[in-house]
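S.K.: I would like the atomic coordinates for the input below:
(chains A and B)
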Number of protein chains: 2
Amino acid sequence: MKADLDRLMEADRIDAILILPGEHPDPYRAYLSNGAHFSGMAIKQCGAAPVLIANLMEVEEAAHSGLTVYSFEDFDYGRLSREYKDDPHAFQAAWYRHVFEKLGVQGRITVYGVGDINAAYSTILNLSQHLGDMVEFVPAQVRNNLFDRAYETKDADELARLRDVGQRTSAVMRAAREWIAGHRAADGVVVQADGTPLTIGDVKHYVRMQLFERNLEDAEGMIFAQGRDAALPHSKGDDAEPLRLGQSIVFDLFPREPGGYFHDMTRTWSIGHAAPEVQAAYDHVMEAYRHSILACKPGVSTREVQVLVCEYFEEFGHPTVLNTPGTSSGYVHSLAHGVGLNVHEAPYFPTFSDTHTLRPGNLFTIEPGLYYPDRGFGMRVEDTVYLNEAGEVEILTDCPYDLVIELKG
Amino acid sequence: MKADLDRLMEADRIDAILILPGEHPDPYRAYLSNGAHFSGMAIKQCGAAPVLIANLMEVEEAAHSGLTVYSFEDFDYGRLSREYKDDPHAFQAAWYRHVFEKLGVQGRITVYGVGDINAAYSTILNLSQHLGDMVEFVPAQVRNNLFDRAYETKDADELARLRDVGQRTSAVMRAAREWIAGHRAADGVVVQADGTPLTIGDVKHYVRMQLFERNLEDAEGMIFAQGRDAALPHSKGDDAEPLRLGQSIVFDLFPREPGGYFHDMTRTWSIGHAAPEVQAAYDHVMEAYRHSILACKPGVSTREVQVLVCEYFEEFGHPTVLNTPGTSSGYVHSLAHGVGLNVHEAPYFPTFSDTHTLRPGNLFTIEPGLYYPDRGFGMRVEDTVYLNEAGEVEILTDCPYDLVIELKG
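M.R.: The predicted structure is shown next:
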């Protein structure tokens, strides 16, 4: 959690974390600035609260963080930009020198952020060259960096937000289920009151309205995929396609609330009835889900839970990534991932490496699934859960698991 | 435009552009992949069309680009991840070596993208160390890089999208104006049918509904700011505040269509009546707008147009960034910026450097404004325009400029 950052910085001998200015939504900036909406810089020195440096026009927005806020002008931005108007590299270096000197930043610095990669890389090279006397830029690990390790557990403020977005997201999915159930069928497809087919596009429109009314944003694009598309785990679904009876539908919803926190959940539905092979596979998925929940305890490696699910599926003849790497049939992905300011964050559940050991404060998905593109069906069941102080799994998602939706219209 | 990339790569002696995999919305990836929704890698070698490398699960989505698509598995991702399971750096290098060898990528490579900066920096360092025999990673310029120069002009496909998003965005703003005008006033504030005040939050809700119905996304958050907030150019506005008569309101709307293209426009309104000092300043802004439009011709430096606007404002006693750098009163920003897959992209209109010369195919905003936080008002008028083949400015925004909204309710 956020309070771990100082300890993690000490362990990695990092003197300061630098978030570069940029206009892209940035979970790192949101984390350090307590969700303030600004596009400036954040600097966190080890043992001290972050300070923010904002464009003059954004100083007031940045102050909503409750942190100390400077403006670019406090470090002579305007004067330096004129002095070095023909040399952007020298200007950049001179300005950062002012910032670092005034704030006492020196030593080993790591840059974090989501933004323009090339611009950031150029900035790091430029500052390394010009400010080598005061700072050293240290790359973080490819995996499991400072923030990844902090994200692994959530504090009370984050948990409250994540519970709330979980409740609202669940309400949207329940509403969508009820709304679909209120329709009737004709010629094997779901139809609207006027007899025209109800399409995936119509459903997504309804869901976006429901999200909108609950102040949630479909930031990364929901999945509502049917039949063979449901067997391609990241196909978003074909908007033009009518909802068909007896086809598996994967509905994966992962919206973001205004503070930046996500919820992630999936249900699989089959309208009217389910084909026997779909029902049989679904029973395996639900059983894998239950095994997973029981296996998630403090001290357990996430790999062990993933392998347990693979082995369970393989018992029933489903290929998995454990013994059929690269398979696109059967169980083709990992079981879970953390959820927070990123839809996907630590802890991860890899198949072959012991990267994370479960502990209280972890907040993650559980999402077993089975995919058979050649047989025209796929399925996944996903909840977001919290491993509490008592070491128990609390399920933050609240939505029925029933495969078949009976039409009542 | 996109067709310029090969020429620009040759000029910079770049053999290949590499877009790293990542889940963040990425205008560079969208540009190279013709807007396909996938989170994988894109590689463009000089003189050849881009190729895409997608997660197995996203191969079909990536194919919507019309480009050649490989899967990660085509380069032995699974086998290598097992072989190097305890050494992520070696695994990464081995996999990229397979990719580069099979595709014939070698020489000077530049990485572009919007994504996790730290992860990208680590990747570049790791690959530089392990693959130094085949590739050299070249940082792009801090400003005006390859893509910036390509973005400067739009081709016919892009222009069609940008015209369309301009029309839809304009329709939303006109609808909002009409909707507000349909209300009545009581005690100096705008009220709803039931007598409760109409708030900024209510207006934003209405606008989001209008965007939603036109399949536009408020991706970066509109500005609807009143009174003193209108004088802080990037204040988003206070949702709880009722709309007050005779206060300047800055409404800046910059939504994105599903293909990733933005429109950017601003209007300033004053409901019921305008204070004389607000009307006088507004007349200056509109006159600056007209001067700007007339000044934008092929061959003109964007700096000249910015300076012309500064000088015009200074004639009337308004401080500007030209002679009062860092000012937060008067004219405090630059006149314009390009618009495309980024809300802000080249060409830019800086005050002190000749960075861009206008030419046919440019597409940019014109947005003079005046800001007086101490006097409690601010204003900006912004259209997005296109400099066509004939060298004429075509205005893509279509919305009245009238400052005062008369209430009809």
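
S.K.: Could you use CA atoms for every contact and neighbour count after this?
M.R.: Noted.

S.K.: ok, residue A:90 - contacts?
M.R.: For residue A:90, the contacting residues are residue A:84, by Cα atoms under 8 Å, 6 or more residues apart in numbering or on different chains.

S.K.: hang on, residue A:286 packs against residue A:381?
M.R.: Yes: in this structure, residue A:286 is within contact of residue A:381 by Cα atoms under 8 Å, at 7.3 Å.

S.K.: can you list the residues of the stretch 151-300 of chain A near chain B?
M.R.: Counting by Cα under 8 Å from any Cα of the partner chain, the residues of the stretch 151-300 of chain A close to chain B are A:232, A:233, A:234, A:235.

S.K.: Could you find the lowest-pLDDT member of these?
M.R.: pLDDT across these is lowest for residue A:234, at 73.

S.K.: helix/strand/coil for that residue?
M.R.: Following DSSP: H, G, I helix; E, B strand; the rest coil, we place residue A:234 in the coil state.

S.K.: count of residues packed around it?
M.R.: Close neighbours of residue A:234, defined as other Cα atoms under 10 Å in any protein chain shown, add up to 22.

S.K.: could you list every residue that touches the closest residue to residue A:298 other than its chain neighbours?
M.R.: Nearest in space to residue A:298, with sequence neighbours left out and distances taken as Cα to Cα, 6 or more residues apart in numbering or on different chains, is residue A:359 at 4.3 Å. Contacts for residue A:359 (Cα under 8 Å, 6+ apart) come out as A:297, A:298, A:299, A:387, A:391.

S.K.: still on that earlier bit, comparing residue A:286 and residue A:381, which residue is more hemmed in?
M.R.: Using other Cα under 10 Å, the more surrounded residue of residue A:286 and residue A:381 is residue A:381, with 25 against 18.

S.K.: Find me the pLDDT at that one, would you?
M.R.: Value listed for residue A:381 in the pLDDT field: 98.

S.K.: most centrally placed residue in chain A?
M.R.: Most central in chain A under Cα atoms, centre = their mean is residue A:343, positioned 0.7 Å from the mean C-alpha point.

S.K.: which one is that residue nearest to, not counting chain neighbours?
M.R.: Using Cα to Cα, 6+ apart, the nearest residue to residue A:343 is residue A:262, at 5.8 Å.

S.K.: from what I can see the one you found touches residue A:338, true?
M.R.: No: at 10.3 Å, residue A:262 does not count as touching residue A:338 under the criterion of Cα under 8 Å.

S.K.: any idea how far residue A:173 is from residue A:260?
M.R.: Taking Cα to Cα, to the nearest Å as the measure, residue A:260 falls 20 Å from residue A:173.

S.K.: So the residue nearest to residue A:298 belongs to a strand, correct?
M.R.: No: under three-state DSSP, residue A:359 sits outside any strand and is assigned coil.

S.K.: Would you check how far apart it and chain B are?
M.R.: 22 Å (Cα to the nearest Cα, to the nearest Å).

S.K.: Let me see the backbone angles for that residue.
M.R.: Residue A:359 adopts backbone torsions of phi -150, psi 160, taken as degrees, to the nearest 10.

S.K.: From residue A:393, how far out is it?
M.R.: Distance, residue A:359 to residue A:393, by Cα to Cα: 11 Å.

S.K.: between these two, what contacts are shared?
M.R.: In contact with both residue A:359 and residue A:393: A:297, A:387, using Cα under 8 Å, 6+ apart.

S.K.: Which residues are in contact with each of residue A:286 and residue A:381?
M.R.: If you check residue A:286 and residue A:381 against Cα under 8 Å, 6+ apart, the residues they both contact are residue A:368.

S.K.: Do a quick rundown of the strands in the stretch 1-150 of chain A.
M.R.: Taking DSSP state E, counting those that start in this stretch, the strands of the stretch 1-150 of chain A run over residues A:16-19, A:41-45, A:51-54, A:68-71, A:107-112, A:114-116, A:135-137.

S.K.: Of these, which shows the lowest average pLDDT?
M.R.: strand A:114-116 (a mean of 90).

S.K.: who does that strand pair up with?
M.R.: With DSSP bridges as the test, strand A:114-116 is paired with strand B:114-116 (antiparallel).

S.K.: quick one: the partner strand to chain centroid distance?
M.R.: With Cα atoms, centre = their mean, to the nearest Å as the basis, strand B:114-116 stands 16 Å off its chain's centre.

S.K.: what does stretch A:38-53 give?
M.R.: The chain centroid and the centroid of stretch A:38-53 are separated by 23 Å, computed with Cα atoms, centre = their mean.

S.K.: That stretch: which residues count as buried?
M.R.: By 16 or more other Cα atoms under 10 Å in any protein chain shown, the buried positions in stretch A:38-53 come out as A:38-46, A:50-53.

S.K.: of the residues you listed, closest to chain B?
M.R.: residue A:38 (8.9 Å; Cα to the nearest Cα).

S.K.: Could you find the closest non-adjacent residue to that closest one?
M.R.: residue A:62 (5.7 Å).

S.K.: and if you look at residue A:30?
M.R.: residue A:36 (6.5 Å).

S.K.: Contact partners for the one you found?
M.R.: Residue A:36 neighbours (Cα under 8 Å, 6+ apart): A:30, A:61, A:62, A:63, A:64, A:65.

S.K.: any idea of the pLDDT on it?
M.R.: 85.

S.K.: What about residue A:402, how many residues nearby?
M.R.: If you count neighbours by other Cα under 10 Å, residue A:402 ends up with 11.

S.K.: For chain B, see how far away the nearest residue to it once chain neighbours are set aside is.
M.R.: The shortest distance from residue A:402 to any residue other than its chain neighbours is 7.4 Å, reached at residue A:269 (Cα to Cα, 6+ apart). Distance of residue A:269 to chain B, given as Cα to the nearest Cα: 20 Å.
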